[in-house]
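**Student:** My questions concern the predicted model and sequence given below.
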Amino acid sequence: MENMLGLLTNFLTNTGYYMITPGHMVMMVVGMVFIYLGIAKHYEPLLLVPIGFGILVGNIPFFTGLGLGIYEQGSVLSLLYKGVTTGVYPALVFLGLGAMTDFSSLISRPILMLLGAAAQMGIFITFLGALALGFDLNQAASIGIIGGADGPTAIFISAQLAPNMIGTIAIAAYSYMALVPVIQPPIMRLLTTRKERLIRMEEPRVVSKKEKMIFPIVGFIICCLLAPAALPLLGMLFFGNLLKEAVVTERLAETARNAVIDTVTILLGVTVGASTQADVFLKWDSIKVFILGALSFAVATASGLIFAKIMNLFLKDKINPLLGAAGVSAVPDSARVVQVVGQEEDPTNFLLMHAMAPNVSGVIGSAIGAGVLWSFIG
């Protein structure tokens, strides 16, 4: 009988119910909130649902040494997590993104690329803010990328410079990417007048197939010579786009924009979520990262809007300043928000295709910004 009681006691003390802490429960609630936002509110469900479930996976308590946790050498989760820590997953996401992206609007009106560049102010302002809050150079550079609203780039740079902060930075970056429809509209309305929001844009010119095929090659050379450290990301982005536009490689492009990016998104989301174990994630530094992330996103949005207004001082054909908000690299959500806010004033004003130009240039700009920071610090 005594042996039976001993076995029962050992069993009970080995369960998660016995080992669970308030920190684990807090993180589980966070995970369920992510899942709720993804499913019920449709906020980036392809990202938030895997991340949310990953948070649940990472916060089931267990005895260390069993080879279960994401930070235990040789565990299944740790092997899957290597795709994050080595930067493989972000590079493959960029491959799929390139195979999905149409750069026509950017090629047709390259001046709109300046709005994507202006929005990258969020990266450098956040970098300085992180230094002011006591983070070291590597950590500050990694946190700064949140200002570009680019989750894969933030993960890639964090893996190189501040691997211990990947989970926190990734969760912050993807949280604000998902909340684009909530965060951006008030800033857009505050910084523009009704007259400016009513500006109609000329139809973009038709871009030839030859231009579309030349663009990824020329764009790759120009951007990567400027910031060689961005080569893994931009190389895959432009390669994916070349596969799309070359036509003869349509099978490869189809695989990249469907099977590859879907598989990687699942693995990236679940493993990043699982890396947020309560004992690692619930620290004061995490709160500071989230505060900086919110400020950086606001700064990035405002920078694009203000720069668009400055451009209008010199342009004969005015651009709608709302396009500046699409300069953050949350593709295509920021462009959709521009369309929605513009149509609140005039339902017949279609800004989506115009907004895609600064939106895709924001993707390129955030990767270049990350490469510049890495080259200086690394």
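**Tutor:** Happy to help now that I have it.
**Student:** going forward, measure contacts between C-alpha atoms and count neighbours the same way
**Tutor:** OK.
**Student:** Show the pLDDT at residue 329.
**Tutor:** On the pLDDT scale, residue 329 is placed at 81.
**Student:** isn't it right next to residue 148, touching?
**Tutor:** Yes. Taking contacts as CA atoms under 8 Å, residue 329 lies within contact range of residue 148: 6.1 Å.
**Student:** Among those two, which residue is more densely surrounded?
**Tutor:** Comparing residue 329 with residue 148 by other CA atoms under 10 Å, the one with more neighbours is residue 148, at 37 against 31.
**Student:** before we move on, the earlier item: any residues in contact with both of residue 329 and residue 148?
**Tutor:** 362-363, 366 (CA atoms under 8 Å, 6 or more residues apart in numbering).
**Student:** Relative to residue 372, which of those residues is nearest.
**Tutor:** Lowest distance from residue 372 to the shared contacts of residue 329 and residue 148 (CA to CA) belongs to residue 366, with 9.7 Å.
**Student:** Give me the neighbour count for that closest one.
**Tutor:** Under the criterion other CA under 10 Å, the count of neighbours that residue 366 has is 30.
**Student:** ditto for residue 117
**Tutor:** 26.
**Student:** swap in residue 41?
**Tutor:** 11.
**Student:** How about the contacts made by it?
**Tutor:** Shown in contact with residue 41 (CA under 8 Å, 6+ apart): no residues.
**Student:** what about it, which SS state?
**Tutor:** Reducing the assignment at residue 41 to three states with DSSP: H, G, I helix; E, B strand; the rest coil gives coil.
**Student:** per-residue confidence for it?
**Tutor:** Residue 41 is assigned 89 on the pLDDT scale.
**Student:** in the stretch 101-250 of the chain, which spans are strands?
**Tutor:** Assigned by DSSP state E, counting those that start in this stretch, the stretch 101-250 of the chain shows no strands.
**Student:** re earlier: columns secondary structure, pLDDT and distance to residue 167 on top of the shared contacts of residue 329 and residue 148, output as TSV?
**Tutor:** Shown next, in TSV, are those (DSSP: H, G, I helix; E, B strand; the rest coil; pLDDT from 0 to 100; distance: CA to CA, whole Å):
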residue	secondary structure	pLDDT	distance to residue 167
362	helix	91	23
363	helix	91	21
366	helix	91	19
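**Student:** how about low-confidence regions in the stretch 101-250 of the chain?
**Tutor:** 149 (pLDDT under 70).
**Student:** mind listing the helices for it?
**Tutor:** Applying DSSP state H, counting those that start in this stretch to the stretch 101-250 of the chain gives helices spanning 104-108, 113-118, 121-132, 137-144, 151-161, 166-178, 180-191, 194-197, 209-226, 231-245, 250-255.
**Student:** cool, the stretch 251-378 of the chain as well?
**Tutor:** Ranges of helices within the stretch 251-378 of the chain are 261-274, 278-281, 284-312, 333-345, 352-377, based on DSSP H, counting those that start in this stretch.
**Student:** Pick the most buried one from those helices.
**Tutor:** Looking across those with neighbours counted as mean count of other CA atoms under 10 Å, the highest average goes to helix 352-377: a mean of 24.
**Student:** want to try CSV for the helices of the stretch 251-378 of the chain, with distance to residue 165 as columns?
**Tutor:** Listed next are the helices of the stretch 251-378 of the chain as CSV, based on distance: least, CA to CA, whole Å:
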stretch, distance to residue 165
helix 261-274, 11
helix 278-281, 9
helix 284-312, 9
helix 333-345, 26
helix 352-377, 16
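**Student:** To residue 324, which of the ones you listed lies closest?
**Tutor:** Residue 324 lies closest, by CA to CA, to one member of those: helix 284-312, at 3.9 Å.
**Student:** Tell me which other helices or strands the closest one touches.
**Tutor:** With contacts defined as 3 or more CA pairs under 8 Å, 6 or more residues apart in numbering; DSSP states H and E, the packing partners of helix 284-312 are helix 113-118, helix 121-132, helix 137-144, helix 166-178, helix 180-191.
**Student:** so the fourth one versus helix 180-191, what angle?
**Tutor:** Translated: helix 166-178. 60 degrees (axes from the mean of the first three to the mean of the last three CA atoms, to 10 degrees).
**Student:** got the angle between helix 166-178 and helix 284-312?
**Tutor:** 40 degrees.
**Student:** Could you tell me the angle between helix 166-178 and helix 261-274?
**Tutor:** Using the same axes, to 10 degrees: helix 166-178 against helix 261-274 is 120 degrees.
**Student:** Number of residues surrounding the spatially closest residue to residue 175 that is not a sequence neighbour?
**Tutor:** Nearest non-adjacent residue to residue 175, counting by CA to CA, 6 or more residues apart in numbering: residue 48, 7.9 Å away. Residues within reach of residue 48, counting by other CA under 10 Å, total 28.
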